[in-house]
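J.: With the input below, show me the fold.
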Amino acid sequence: MLYSNLSDLPELLALRHTLHRYPELSGQETETAHRIGTHLQKYKPDQLLTGLGGTGVAAIFHGENPGGPTILFRAELDALPIAETNTDLAHLSEYEGKGHKCGHDGHMTILTALGSMLHQQRPARGKVVLLYQPAEENGAGAWAVLQDKRFEKEIKPDYVFALHNLPGKPLHQVVIRHNVFAAASTGMIVTYQGKPSHAAEPENGLNPGPAMAETILAFEEIIQNKKQFQDLTLLTIIHARLGEIAFGTNPGFATVMATLRSYQPDDLQKLKELAKQQVLAIATAHKLEHTIEFTEEFPATQNHNTEVEIVRSAARELELAVEEAVQPFRWSEDFGHFTARYKGALFGLGAGTAQPQLHHSDYDFPDELIPTGAALFYGILQKILRQ
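T.: Residues are numbered from 1 along each chain as shown. The predicted structure follows:
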């Protein structure tokens, strides 16, 4: 077991708690990236790239011998706009309304612990990249990193791996899945523009309220017809707004926002088209101008079968329990941008059956997973190099 290699575990735990205390939202992770870069310097990476895709950081460790594969392991830099309610934490967030409620502080620390291992024992060959990616929570970060010219020039991996902690699963259990691991999703914003008027003279305006209500019902009808989709497909209305709060005004605009989600990419595309058709028909019927915008688009995370088996084998060598998920996870992860281009896999690491769920205000990453995750990443690396 490689757990004993983490002689600096107390420092790593202190890093995790510091990252937790100073959370930063998607695209704003400047301070977080600086902390990570500063800590990584002590492990003497051969290259340290900063500003990747915005605020991303990549530490590159060369093997002892030239040649061999480039293996990338990824963690996320960003936190969430969620205030903490577990106020008994010694490392409570210093930033009001912001918190590491998805465990990215722990994921970053696991990756940094892997850097500590690589400093103590370089891989026999090849190249290992520790990527700290910005803006995972809004789906923009992975794509931005891939568009950075330095990624193709300096990194260009042969393999990509990432993990996500999973509350509700036994602590340290490894959760794998072939093919789709996490769902595709996108946000949809529909706006209707009518004509405002005095509330006493509604006949002089064009109120989009009826169109807004019809849209909500039409979206619900689409998703109820499950036979038109191959697999799980969801449409969730997350916000609706009609005009301003003014009792003297007949409103002239309306907004409907929804999250579209599916396991299969074709189903998501079909859902988008069906929703757009309904919006166009409703806008035409009510003589309203309209716009449709899609935002925070996440592809499905498609795992590669051989790489899933590498994860399984590495977990078994570490005597970790392995569970194969029957269904993909409903949440989305922009790591799918990486597995769409490179061989790799996203897998889960159990965070405990009593742990509050991800994105809950009382969640906190379990420190016990740091040596486990780092050892598992190192084991995956060794498996590939022995092939």
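J.: Only C-alpha atoms from now on, for both contacts and neighbour counts.
T.: Will do.
J.: ok, Ser361 touching Glu84?
T.: Yes - at 4.9 Å, Ser361 and Glu84 qualify as touching, with contact defined as C-alpha atoms under 8 Å.
J.: Show me which of these two is the more surrounded one.
T.: Taking neighbours as other C-alpha atoms under 10 Å, Ser361 and Glu84 compare with Glu84 leading, 22 against 18.
J.: Report the contact partners of the more buried one.
T.: By C-alpha atoms under 8 Å, 6 or more residues apart in numbering, the residues touching Glu84 are Leu92, Ser93, Gly97, Lys98, Gly99, Ser361, Asp362.
J.: can you pull up the bridge partners for the closest residue to Gly336 other than its chain neighbours?
T.: Leaving aside its sequence neighbours, Gly336 sits nearest to Thr301 (C-alpha to C-alpha, 6 or more residues apart in numbering; 3.8 Å). On the basis of DSSP bridges, Thr301 is bridged to Ala182.
J.: Could you shift the numbering so residue one becomes 486, and keep it that way?
T.: All right, first residue 486 from here; so that's Thr786.
J.: Show me where the stretch 486-635 of the chain has its strands.
T.: 532-537, 541-547, 550-561, 610-618 (DSSP state E, counting those that start in this stretch).
J.: ok, now the stretch 686-835 of the chain?
T.: Under the criterion DSSP E, counting those that start in this stretch, the stretch 686-835 of the chain carries strands at the ranges 718-727, 734-735, 738-747, 774-783, 786-788, 807-809, 828-835.
J.: As PDB, could you dump the C-alpha coordinates of stretch 791-809?
T.: Extracted C-alpha coordinates of stretch 791-809, given in PDB (Å, rounded to 0.1, in the frame of the first residue of the first chain):
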ATOM      1  CA  THR A 791     -10.300  -0.500 -20.900                       C
ATOM      2  CA  GLU A 792      -9.500   2.400 -18.700                       C
ATOM      3  CA  VAL A 793     -12.400   1.500 -16.400                       C
ATOM      4  CA  GLU A 794     -10.800  -1.900 -15.900                       C
ATOM      5  CA  ILE A 795      -7.500  -0.200 -15.100                       C
ATOM      6  CA  VAL A 796      -9.300   1.700 -12.300                       C
ATOM      7  CA  ARG A 797     -10.900  -1.600 -11.100                       C
ATOM      8  CA  SER A 798      -7.600  -3.400 -11.000                       C
ATOM      9  CA  ALA A 799      -5.700  -0.600  -9.200                       C
ATOM     10  CA  ALA A 800      -8.500  -0.500  -6.600                       C
ATOM     11  CA  ARG A 801      -8.300  -4.200  -6.000                       C
ATOM     12  CA  GLU A 802      -4.500  -4.100  -5.600                       C
ATOM     13  CA  LEU A 803      -5.100  -1.500  -2.800                       C
ATOM     14  CA  GLU A 804      -7.700  -3.800  -1.300                       C
ATOM     15  CA  LEU A 805     -10.500  -1.300  -1.800                       C
ATOM     16  CA  ALA A 806     -14.100  -2.400  -2.300                       C
ATOM     17  CA  VAL A 807     -15.400  -1.800  -5.900                       C
ATOM     18  CA  GLU A 808     -19.000  -1.300  -6.900                       C
ATOM     19  CA  GLU A 809     -20.200  -1.100 -10.500                       C
END
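J.: Show the average pLDDT along that stretch.
T.: When pLDDT is averaged along stretch 791-809, the result is 98.
J.: Report the buried residues of that stretch.
T.: For stretch 791-809, the neighbour count (16 or more other C-alpha atoms under 10 Å) marks Glu792, Val793, Glu794, Ile795, Val796, Arg797, Ser798, Ala799, Ala800, Leu805, Val807, Glu808 as buried.
J.: And the furthest pair within those residues?
T.: Spatial extent of the buried residues of stretch 791-809 (C-alpha to C-alpha) is set by the pair Glu792 and Leu805 at 17.2 Å.
J.: quick one on the thing from earlier: what's the PyMOL line that selects buried ones from the contacts of Glu569?
T.: Per 16+ other C-alpha under 10 Å, the buried members of these correspond to this PyMOL selection:
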select buried, resi 577+578+583+584+846+847
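J.: sorry, back to before: so which of the strands of the stretch 686-835 of the chain is nearest Thr676?
T.: strand 738-747 (4.5 Å).
J.: Show me what the closest one packs onto, helices and strands only.
T.: strand 669-678, helix 694-709, strand 718-727, helix 750-770 (3 or more C-alpha pairs under 8 Å, 6 or more residues apart in numbering; DSSP states H and E).
J.: Could you check how far the residue nearest to Gly821 is from Ala668?
T.: As judged by C-alpha to C-alpha, to the nearest Å, Thr786 and Ala668 stand 7 Å apart.
J.: Tyr617 too?
T.: Taking C-alpha to C-alpha, one finds Tyr617 at 22 Å from Ala668.
J.: likewise Leu603?
T.: For Leu603 relative to Ala668 (C-alpha to C-alpha), the value is 33 Å.
J.: Next: Phe783.
T.: Distance of Phe783 to Ala668, computed by C-alpha to C-alpha: 8 Å.
J.: rewinding a little: Serialize the strands of the stretch 686-835 of the chain to JSON lines and add fields for distance to Asn689.
T.: Below are these laid out as JSON lines (distance: least, C-alpha to C-alpha, whole Å):
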{"stretch": "strand 718-727", "distance to Asn689": "18"}
{"stretch": "strand 734-735", "distance to Asn689": "9"}
{"stretch": "strand 738-747", "distance to Asn689": "15"}
{"stretch": "strand 774-783", "distance to Asn689": "17"}
{"stretch": "strand 786-788", "distance to Asn689": "50"}
{"stretch": "strand 807-809", "distance to Asn689": "61"}
{"stretch": "strand 828-835", "distance to Asn689": "56"}
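J.: Nice, that's everything, thank you.
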